[in-house]
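>>> model the following, please.
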Amino acid sequence: MNNPEELVKTLDRVRTFGALGGALGGAVLIWSALSSVQAALQSYLFAYIFWLNFSLGCLGLLMMHHMVSGGWGFMIQRIVEAGMKTILVMALLFVPILLGIKILYPWADPVNGHAVHVWSGYLNVPFFAARAVAYFTLWIGVSFCLGSWSRRQDRDGDPRLTRRLRLLSAPGLALYVMTMTFASVDWVMSLEPGWFSTIYGFLFVVNQVLAALVLAVLALRFLAGFPPLSDAVSEKRYNHLGNMLLTFVILWAYVAYSQYIIIWSGDLPDENTWYLRRLGGSWSYLGLFVVIVHFFIPFLLLLFRRTKRSLRSLALVALLLVVMRVADTFWLIVPAFSPGVFRVRWLDLFAPVAIGGIWLAAFAWRLKGGGLLPLRDPRFPLPTAVAGGE
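Numbering: from 1, shown residues only. The predicted model follows:
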C-alpha cells in the first residue's frame with residue numbers, strides 16, 4: 001500500500017463506519033431515555049469514562065514522548081496526537097452528564113444530598129461544573145499547543161520548537177496527573193461519596209496511558225503498510241513498544257493491588273464498603289476475571305521477546321487489553337448503581353458503540369489531517385528514522 005490516496009480512502013471508510021456506529025448507538029440511547037433517563041445516563045457515564053481514557057491517555061503519552069525522546073514515540077507520535085485532539089469532542093459529550101448530574105450523583109440530589117453535607121463545600125453542582133470547565137480548558141489548551149507546534153515544525157523545521165515541546169510537557173505532565181486526580185474524584189469516586197482513596201486518581205492515570213498504548217499498537221497494526229510509516233517501523237521499535245505495554249500492565253496491577261491491600265489491612269467500614277460491593281455476590285466473578293485476564297495473561301505473553309517483536313502478536317495482546325479495559329471500567333463504575341447481582345444491560349452495550357463511533361470518526365478525521373510521521377523533527381532526522389535507528 002504505497003498510494004497516499006489509498007490512505008485517505010481507508011481513513012474515510014473508518015470515519016464513515018464510526019459515524020454510522022455513533023448514529024445507531026446514539027439513536028438507541030435517546031430512544032431508551034424516553035423510558036428510563038436514569039438507566040440511559042448510567043450507561044452513558046460508563047461508556048464516556050471508557051472512551052475519555054483514550055483521549056487523555058494520548059495526551060499523557062505524547063508528553064512522555066517529548067520528555068524522553070524515544071524512537072518508540074516517534075513511530076506513534078501522529079497516532080497519539082490524533083487521539084489527543086479528540087478531547088474537544090469529549091468535552092462536548094460531557095454535556096449530558098452535566099445535565100443529568102442530579103440523577104447520577106447522590107450528593108447532587110436535594111433529597112439525598114444531606115447525607116454528604118460535610119462535603120457540600122466541594123461537592124455542589126456549580127463548583128462541579130466549574131471544575132469540569134477548568135479541566136477541559138487546560139487539557140484542550142495543552143493539546144492545542146502540542147499539536148500546533150508539531151505541525152509548525154513540519155513546515156519550517158525550527159529546532160527551537162522541540163525545546164518548546166519539552167518545556168511544555170514537563171509541567172504539562174504534572175498538571176495532567178493533578179487534574180485527572182481531581183476529575184476522577186468528581187466524576188467517578190463521588191458516585192459513592194462516603195468512600196475515598198488517595199491512590200484512586202493515579203489508578204485512572206495509569207489506566208489512561210495503558211489505553212493510549214493499546215490504541216497506538218492497534219492503529220500501528222492498521223497503518224503500518226502505508227509510507228512513510230512503513231519505512232519507520234522496525235522490530236526494535238516494536239520491542240520498545242511492547243516493553244512499554246508490559247510496564248503499564250504491571251503498574252496497573254501494582255496500583256490496583258496497593259489500593260486493595262491498604263483498605264483490606266485497615267478494615268474500616270467507611271473504606272471497605274466500596275470493595276464489598278465489587279467483591280460480593282456475582283460481582284466477584286467479574287473482579288477475578290479482570291485480575292486474571294487483564295494482568296496475568298498479558299504479563300506472561302509480553303515476557304517473550306518474540307511477542308514484542310511481532311506487530312501482529314502485539315496487536316492481539318492489545319485487542320485483549322481493549323476488552324479488559326471495558327470490563328475493568330465497568331467493574332469500577334457500574335456497582336455504584338447496581339450493588340446487587342452482576343448483570344449487563346443492553347444499554348451497556350450500545351452506549352460504548354454510540355460514544356465510540358463518534359470518537360473513532362473524530363480520530364480518523366484528525367489522523368487524515370496530516371502525515372503519519374513528523375517530517376522535520378531534529379531528534380529524528382527522517383532518513384535515519386526510517387532506517388529504524390534511534
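
>>> helices along the stretch 251-390 of the chain, start to end?
With helices called from DSSP state H, counting those that start in this stretch, the stretch 251-390 of the chain shows them at 269-279, 283-290, 297-302, 305-308, 311-333, 347-368, 382-386.

>>> which SS class is the residue nearest the centre of the chain?
In the chain, the C-alpha nearest the mean C-alpha coordinate belongs to N53, at 1.9 Å (Cα atoms, centre = their mean). Classification of N53 by DSSP: H, G, I helix; E, B strand; the rest coil places it in helix.

>>> same question for F196.
coil.

>>> so what pLDDT did it get?
F196 carries a pLDDT score of 85 in this model.

>>> tell me how many other residues crowd it.
Residues lying near F196 (other Cβ atoms under 10 Å) number 14. Placement of C-beta: from N, CA and C, glycine included.

>>> quick check, it in contact with S184.
No: assessed by Cβ atoms under 8 Å, F196 is found out of contact with S184, at 11.4 Å.

>>> tell me where the model's unsure across the stretch 151-300 of the chain.
For the stretch 151-300 of the chain, no stretch is flagged by pLDDT under 70.

>>> quick one, strands of it?
For the stretch 151-300 of the chain, applying DSSP state E, counting those that start in this stretch gives no strands.

>>> follow-up on the earlier one: can you tell me which of the helices of the stretch 251-390 of the chain comes nearest to Q153?
Minimum separation from Q153 across the helices of the stretch 251-390 of the chain (Cβ to Cβ) falls at helix 382-386, 12.4 Å.

>>> any figure for the gap between the residue nearest to L191 when sequence neighbours are not counted and G356?
Spatial nearest neighbour of L191, chain neighbours left out: A336 (3.9 Å); criterion: Cβ to Cβ, 6 or more residues apart in numbering. Separation of A336 from G356 (Cβ to Cβ, to the nearest Å): 22 Å.

>>> between the two, which has more neighbouring residues?
A336 (22 against 19).

>>> give me the pLDDT for the more buried one.
pLDDT, A336: 92.

>>> now render the helices of the stretch 251-390 of the chain as TSV, adding distance to G121.
Shown next, in TSV, are those (distance: least, Cβ to Cβ, whole Å):
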stretch	distance to G121
helix 269-279	19
helix 283-290	33
helix 297-302	42
helix 305-308	49
helix 311-333	25
helix 347-368	32
helix 382-386	52
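
>>> lowest average pLDDT across those?
Across the helices of the stretch 251-390 of the chain, the lowest-scoring stretch is helix 382-386, with a mean of 52.
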